[in-house]
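coordinates only, sequence not included:
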Ligand SMILES: *[C@@H]1O[C@H](CO)[C@@H](O)[C@H](O)[C@H]1NC(C)=O
Ligand SMILES: *[C@@H]1O[C@H](CO)[C@@H](O)[C@H](O)[C@H]1NC(C)=O
Ligand SMILES: *[C@@H]1O[C@H](CO)[C@@H](O)[C@H](O)[C@H]1NC(C)=O
Ligand SMILES: *[C@@H]1O[C@H](CO)[C@@H](O)[C@H](O)[C@H]1NC(C)=O
Ligand SMILES: *[C@@H]1O[C@H](CO)[C@@H](O)[C@H](O)[C@H]1NC(C)=O
Ligand SMILES: *[C@@H]1O[C@H](CO)[C@@H](O)[C@H](O)[C@H]1NC(C)=O
């Protein structure tokens, strides 16, 4: 009996709830319900709407989100009946203008997001009556001019996003009355300058972004006015140098991004007052030098990005103050002396993540100081099988990027090491899927959960096959495709590997190879004839090599049952496949992978 009653009451209650929630209107192309904070919402994300469906939307609605692509409509005083509306989002809808007094009377609005529309001008009467608004997003429009005081109705505004418009100048008092503003994004407007006057009205600002603003210099007065800043993002501008006391007034900074500028040096004591700084991004500049005292007082810094600069060294004295550093990125400093860097790394033993992608040759003992390392990026380093031994000291990795190297196999010891790592990236390596190169890896694959699964490069019949799908028992024992004696074949074979993958059409390459082969044959013939005319001489292999310098003429030699070839040093255009004769080599003699433990 009681159970029946419980069921009945529950059913009735649910019907009642449904009535409350769903009896209101809902436009046909939208969905309506409650959001995660229990507010009544209408979401229209199908796109291609020609009209804002104000009549079909429940007047009690609290959240309206119109986000589909390809809408085209205008807005105006459509919202007056939605007296409970808190969030209005209309994005990607080609809205051409906001309209006068559009939000008049909608006292409850807290957030208006009109990103990625076609708005060209804004005026102060667009926002009349919105003194309770907290957030306004107008990014990705075509606004080119904003008059003084254009936002003066928005007395309680905290966040303003004007990124990716066509604003070329900030007129004085643009932000008049926005004294509560905490977040301002001006990125992607060619402003050329940040006039201090403009910031007089927004001195409570915590976060200022002006990436891609064509800035060459920041007037120190701006910083003087913005003493509460904790995040400053001036990436992708044209800053050439930073004054000794550039950031003197910004004592509360936690993050500075000045990546993608034209800085050539970080001078001594630049950040001495930024004791709270946690993140410093100086990547993609022209830094040739970090002075000994550059990072003085940065004891709270956890993230340092110096990647893609022209640094030749990073000395231990510079990094000494960085007691809290956990994430270091020095990728892409191709001239950097990594032999010397072991002294620097000695003082950074607590690093959690180290990015050393796209560098010069890596010394074998590079990772010795880092027993705690969790993330390691070695992408694009010409690493071959033997150099994988570099991983020996690190034991607690969770992320390892080995992509874009010269690996064609891994031995059993490395395979079992990789198996314990949560995420290993091995893409863009010339992996050879046979038992002796990848057998050990293929057999541990069922127990890994890497997001990206490596693919075979050779043999050609397996190219592109996922290593996960391969049955070890069906594989060839050992193929000797490639015995590369060229000194830095890594770089070039790497390049043409990528190119051949890109082009996909190997016929062109085959033709070029043929041509080069014929040219070399001709050169041999001519030089032979030339020399034999002048003086009868007998060449040994060594002499010939000595005379021709790096340019060896041996392209293919067959020793015993191994085929090997050398690249002509300056003309490496051929892919591995084209140089291997079409008929399969004599029965393979299994050789262990080159890696040794
Ligand atoms: C955006 O506005 C411009 C001029 O204001 C107009 O020429 C263009 O057609 C508009 N684009 C769309 C998709 O409505
Ligand atoms: C920064 O460090 C220096 C010593 O290098 C010290 O004298 C100075 O007081 C520190 N500055 C600040 C603002 O903490
Ligand atoms: C540095 O970080 C610690 C812990 O994250 C924090 O308590 C401290 O206030 C920060 N600032 C300075 C100046 O040490
Ligand atoms: C440098 O490494 C960090 C991870 O530590 C990464 O978030 C950042 O994007 C890298 N920088 C560049 C320019 O790739
Ligand atoms: C820095 O490295 C040098 C060797 O280049 C060493 O002699 C010196 O003791 C190291 N200094 C610190 C503070 O670790
Ligand atoms: C490793 O570094 C390369 C080059 O900077 C980058 O493209 C790649 O995304 C990085 N890998 C990871 C996992 O972040």
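Thanks, I have the structure now. This one's a predicted model, so the numbers in the text were calculated from it and none came from an experiment. Ligands and ions are numbered 1, 2, ... in the order given.

Can you give me the distance of the residue nearest to residue 146 when sequence neighbours are not counted to ligand 5?
Once flanking residues are discounted, residue 146 sits nearest to residue 174: 5.6 Å by Cβ to Cβ, 6 or more residues apart in numbering. Every C-beta, even on glycine, is put in place using the N, C-alpha and C of the backbone. With the distance defined as Cβ to the nearest ligand atom, to the nearest Å, residue 174 ends up 49 Å from ligand 5.

give me every residue that touches residue 174.
By Cβ atoms under 8 Å, 6 or more residues apart in numbering, the residues touching residue 174 are 146, 148, 149, 150, 151, 198.

Residue 457 now?
So residue 457 contacts 408, 429, 430, 431, 432, 463, 497 (Cβ under 8 Å, 6+ apart).

For it, report the pLDDT, please.
pLDDT for residue 457: 92.

Any regions of the stretch 351-500 of the chain where pLDDT drops low?
The model of the stretch 351-500 of the chain has pLDDT under 70 over residues 480-500.

which stretches of it form strands?
Ranges of strands in the stretch 351-500 of the chain, per DSSP state E, counting those that start in this stretch, are 353-355, 375-377, 399-401, 423-425.

Derive a ChimeraX selection command for the buried subset of the contacts of residue 457.
Burial among these is assessed by 16 or more other Cβ atoms under 10 Å; the matching ChimeraX selection reads:
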select :408,429,430,431,432,497
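
From the contacts of residue 174, keep the buried residues only.
Among the contacts of residue 174, those classed as buried by 16+ other Cβ under 10 Å are 146, 149, 150, 151, 198.

Among the residues you listed, which one sits closest to residue 26?
Within the buried ones among the contacts of residue 174, the smallest distance to residue 26 is 33.7 Å, found for residue 151 (Cβ to Cβ).

what's near enough to touch that closest one?
So residue 151 contacts 124, 127, 136, 157, 160, 174, 175, 176, 177, 178 (Cβ under 8 Å, 6+ apart).

repeat that with 6 Å
By Cβ atoms under 6 Å, 6 or more residues apart in numbering, the contact list for residue 151 reads residue 178.

Please tell me how far it sits from residue 194.
The gap separating residue 151 from residue 194 is 17 Å, by Cβ to Cβ, to the nearest Å.

ok, and of the contacts of residue 457, which contact ligand 1?
Checking these against ligand 1 by Cβ under 6 Å from any ligand atom, not one of them is in range.

need the contacts of residue 457 in CSV with distance to residue 252, can you?
Below are those laid out as CSV (distance: Cβ to Cβ, whole Å):
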residue, distance to residue 252
408, 52
429, 46
430, 51
431, 50
432, 55
463, 55
497, 49
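
between the contacts of residue 457, which is nearest residue 356?
Taking Cβ to Cβ as the measure, residue 429 is the one of the contacts of residue 457 closest to residue 356, at 17.1 Å.

ok, that closest one - contacts?
405, 407.

Ok, residue 70 next?
47, 48.

make it 10 Å
46, 47, 48, 49, 92, 93, 94 (Cβ atoms under 10 Å, 6 or more residues apart in numbering).

top of the residues you listed by neighbour count?
Across the contacts of residue 70, neighbour numbers were computed from other Cβ atoms under 10 Å; residue 93 holds the maximum, 26 neighbours.

Next, count neighbours for the closest residue to that one other than its chain neighbours.
Nearest non-adjacent residue to residue 93, counting by Cβ to Cβ, 6+ apart: residue 71, 3.7 Å away. When neighbours are counted by other Cβ under 10 Å, residue 71 registers 22.

hang on, residue 71 packs against residue 94?
Yes. Contact criterion Cβ atoms under 10 Å: residue 71 and residue 94 qualify, at 6.6 Å.

between those two, what contacts are shared?
With Cβ under 10 Å, 6+ apart applied, the overlap between the contact sets of residue 71 and residue 94 consists of residue 117.

Nearest to ligand 2: which residue in the protein?
Closest residue of the chain to ligand 2, Cβ to the nearest ligand atom: residue 297 (3.8 Å).

Let's have the strands of the stretch 351-500 of the chain in TSV, adding mean neighbour count and distance to residue 415.
Shown next, in TSV, are the strands of the stretch 351-500 of the chain (neighbours: other Cβ atoms under 10 Å; distance: least, Cβ to Cβ, whole Å):
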stretch	mean neighbour count	distance to residue 415
strand 353-355	21	22
strand 375-377	20	17
strand 399-401	20	13
strand 423-425	19	10
